Structures are given as C-alpha cells and as structure tokens.
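>>> Let's see this in three dimensions:
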Amino acid sequence: MIDPGWYLMEFNKNLFPYYPSKIDNIIHPDNYSRLQSLVLPHASSKLIQLIFNGEFPRLKFCHLGICESGNVSFSMTTQLQNLRQLTIRGRLQGHVLEKILMLLKMSVGSNETLGYANNTYPSLESSFRRSVKFNILISCQIPSILCNLVIFYYFIRLRELQAKRHHHVVICLLICNFLIITVELPVTLIYLYHGELIPSSYSLCLYWVYIKSLLFPSNAWIMAIASVQRYIFIFHKHWMNSYLKHYLPIFLPPIFLSICYFILIFFYPCQQQFDYTQAWCFGACYLYNAVIGTIDWIVSSMIPVALIVIFNIILLIRVIYQKYKMRRGNAWRTTRKLSIQLFSISFLFLSIYLPFIILGLIRTWIDPLFLYGVTITYLAYVAYVVSLLMPFICLISLPEIVTKIKELCCLTNRVEPTQQQIAITLNTRRNIQ
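Predicted coordinates for the structure are as follows:
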C-alpha cells in the first residue's frame, strides 16, 4: 500500500483527501490476515485499536516518524504474537505508539499479555537491577575520581609531563571522562536509587539528556583524535609542528557537538514528552526523526569508532614492521612505549563501544528493535565502565607519575623503621643507666 504523498512531513489533502476520517476504511477486513506492511502519515485511534486487538496477525512494527503530541485514551490488552511491523510517519500518535511498541518488544514474551491504560507505562528497570547497578557504579565512582585527581595534580606539578605533547590529548580524554563521572553519572545514580528522576523536573531532564548526548560522543571523538595524533607523532612528527595543528583537532569536535546538540535538544521543532520513570527520560524527541537520528548515530558513534579501529590497525602494522627494521634500537623503544599506551586505552574503549556499533548496524539494516531491551537495561550502563577505568589505564601508562607515587610510598615506609630505631636506642640507654 504505497502513495507518494504519505511520505510527506505534512499530510497532503489533495493526494489523499479522505484522511483522517476515512483512512481506516481503506483496509478491508478480508485483508487483515494478509497485511504485512503498512506505511501511514499518522495513526488514528481506530487504527491503533485494530492493531492492538490483534486484527493484523502478520503485521510488523517499527516507528520512523516525527513525533510530537499524541494520546491513546482507551485501555487495551495486547498479545505480542499478533505484533509484527508497522511504519508510521507523522506527528499525531507517533510518540505514544512508539513507547507502547518498544515496551512490548522488551517486556513480554510470546505467550504473555500486557495492558496499558491512561498513557501510563511500566519502567524498564526492576528495583533489584537498579540496586545492583547503583552499588556497582557508586563503588567504582569514588576511586575513579581520586585517581583522576592524582593524575591532574601531578600533571600540573611535573613540567616534564607538560612538555610532552603526546600527553596532552590523554589529559583531554581524562577530563572528558572525569566530567562524565562527576557531572552526568550523579543524575543517573539518582535515577537508579529512586527508580525515577528526583526532582521530576523538565529542566533536569533537558540537562540530563544534553550532558549525556554531548559528553559520550565527545569522549569517542577525542579517543579517535588521540589515535590519529599518536600515529602522526610516531611516524610523521613534522606534521604537528604548530600549536594550531596540535590543539585544533582536539577541541573542534566537542565544540561542534555542543552547538549541534544544543540546537537539536532545545530548539528542534518537536514537543518533548519526557518520562521521569525511564532512563534518560526516554531521550530527546529529535531522535524520532529517522534521518536525523541515523545521522546523529553515524557522526557521534560510528565514524569515531571506525577511525579508532583503522588507525590502531595501521599503527600496529607499522610498529611490527619497524620492530624488524630497526632491531630494537632507541627509536624502537620509544615507538613501543607510545604504542602500548595507545593500545591499552583503545582496547578498553573498543571493548565497550564496538559492540554498540555492531548493534547499531543490525538495527539499521535488519531489525530496528534488536536487543533494544538489553541495551537500555544493561549495555547503556556498561558505557560508564570506560569512564570509570580510564584513569587507572592512563596512570599505568604514565611512568613519571607512577615513579612519584612509588617514591611517596617508599618515603612513608622509611619513617617507621627510623622511629622504631630511636625507641630501641632510648630503651637501651635506660637499661644501661
């Protein structure tokens, strides 16, 4: 069932003059059992009632429309085995309908039923799972913050660290991850602890969505720039002979992303309908535009991860080739040191983000709801592992700071034997007297 006018942003009455009062009647009841694909500009209440009564046993669901306001005022009970695929492009019922379909896909089995009434939706998080994730995250947050502060302290104190340019992008990466665990993660912990966002305010949801949308892609891009610059530092150092060439690639992506997400989240022409009982308030409404959402995913996730993979592979090949060419000279030892630092950080990053990219490709080309529930319930929180472990991985690869910490520990250990020796000497003198 295809009409070119049905794909327009606004419905064209000249192309289809019977909508919305007659659109439900174009599907003959005799065709209900054979209907497999349906593309509509909007979804009326009558059509939704037919869908949720299981009248289309072969129909599949996937929402790709621009969503604003919409209300489903009636109660309904849905059997998952009757749900297949539906594509809705429009501005009326899209937002509420998508929520229902997503929750159905994630929350019930093929033989279970799920009821909805008065636009209320169950949370995707059980109290036990929230408690487990809360305890794990908060127990890792404090050591991670302390490790970050130690690195920042010594980076300010030690001139030799500041003089090495290849450390600058690592510090920028640490700053971004530090902001994630100190600015964004506390709001997530509040949600996990209470089961909803407290206080349940529209402005706090905007803040939460904006900070998450900005910091995680910025982290990915800084990691990608670190991979590119590390390859250049090792094999083409003369390309980075100016401050502009060195610092501009590091700061340009976060600045660009901050402007783009500010416009999309605060000024995009759609009506935000936040749900305070869902993680990240169910996201920003601009993501319900299929084109913008896909571009956002490609720019914020796919491209930086692809750059990380490509340049790490190229660097690994060049390092192996240089190993046999230079036969372990001084240049080879420097190359190995710089490469190991990048590989350790990249391995941590890719072990978490690469599965997200694979899932994104599957959802784009195969199944839009593939493992969506697992992603929202578990994998979305696994992304914090990168930010929580990053300072420890970086600390291991910074021998200047490790040496200072060892010296401090050795100095502390040397004080106690000295004090014990003084006490023994005093006791000996008293015994002699």
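
>>> Next, the contact list for the nearest residue to residue 391 once chain neighbours are set aside, please.
Residue nearest to residue 391 in three dimensions, not counting chain neighbours: residue 147, with 3.9 Å by CB to CB, 6 or more residues apart in numbering. (Each C-beta comes from the backbone N, C-alpha and C, glycine too.) For residue 147, the contact set (CB atoms under 8 Å, 6 or more residues apart in numbering) comprises 391, 392, 395.

>>> Ranking by neighbours, what's the top pick from those residues?
In terms of neighbours by other CB atoms under 10 Å, these top out with residue 391 at 24 neighbours.

>>> just to revisit the earlier point, now the contacts of residue 147 in CSV, with pLDDT, secondary structure and distance to residue 167?
CSV is the format used below for the contacts of residue 147 (pLDDT from 0 to 100; DSSP: H, G, I helix; E, B strand; the rest coil; distance: CB to CB, whole Å):
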residue, pLDDT, secondary structure, distance to residue 167
391, 94, helix, 14
392, 94, helix, 16
395, 90, helix, 12
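
>>> Check which element follows the host helix or strand of residue 257 along the chain.
Using DSSP states H and E, residue 257 maps to helix 243-266. Remark: after helix 243-266, the chain's next helix or strand is helix 290-297, criterion DSSP H and E.

>>> buried sites along that next one?
290, 296, 297 (16 or more other CB atoms under 10 Å).

>>> ok, and the closest non-adjacent residue to residue 258?
residue 214 (5.6 Å).

>>> wait, doesn't that neighbour sit right on residue 260?
No - with contacts counted by CB atoms under 8 Å, residue 214 stays clear of residue 260, the gap being 9.1 Å.

>>> Could you check which of these two has the larger neighbour count?
Neighbour count, other CB under 10 Å: between residue 214 and residue 260, residue 214 has more, with 24 against 16.

>>> And the more buried one, how far from residue 284?
12 Å (CB to CB, to the nearest Å).

>>> rewinding a little: in the host helix or strand of the residue nearest to residue 258, which residues are buried?
In this structure, residue 214 sits in helix 202-235 according to DSSP H and E. The neighbour-count check on helix 202-235 (16+ other CB under 10 Å) flags 204-206, 208-234 as buried.

>>> max-length helix in the chain?
Longest helix in the chain, counting residues (DSSP state H): helix 330-365.

>>> helices and strands around that one, which ones?
On a contact count with 3 or more CB pairs under 8 Å, 6 or more residues apart in numbering; DSSP states H and E, helix 330-365 meets helix 168-179, helix 202-235, helix 290-297, helix 303-326, helix 384-396.

>>> For stretch 312-331, the averaged confidence score.
Mean pLDDT, computed over stretch 312-331, is 76.

>>> Show me which of the buried residues of helix 290-297 is closest to residue 338.
Using CB to CB, residue 297 is the member of the buried residues of helix 290-297 that lies nearest residue 338, at 31.5 Å.

>>> how far away is the closest residue to the closest one other than its chain neighbours from residue 371?
Excluding its sequence neighbours, the residue lying closest to residue 297 (CB to CB, 6+ apart) is residue 360, at 5.7 Å. To residue 371, residue 360 is 11 Å away according to CB to CB.

>>> In contact with the closest residue to residue 215 other than its chain neighbours, which residues?
Nearest residue to residue 215, sequence neighbours excluded (CB to CB, 6+ apart): residue 180, at 4.9 Å. Listed by CB under 8 Å, 6+ apart, the contact set of residue 180 reads 215, 216, 219, 384, 387.

>>> domain ranges for this protein?
Domain ranges of the chain: 4-116, 127-396, 398-433, per automatic domain parsing.

>>> circling back: can you tell me which of the helices and strands packed on helix 330-365 is nearest to residue 134?
With CB to CB, the closest approach to residue 134 among the helices and strands packed on helix 330-365 belongs to helix 384-396: 11.6 Å.

>>> what helices or strands is that closest one leaning on?
Packed on helix 384-396, when contacts are counted by 3+ CB pairs under 8 Å, 6+ apart, are helix 127-157, helix 168-179, helix 185-194, helix 330-365, helix 399-432.

>>> Much appreciated, bye for now.
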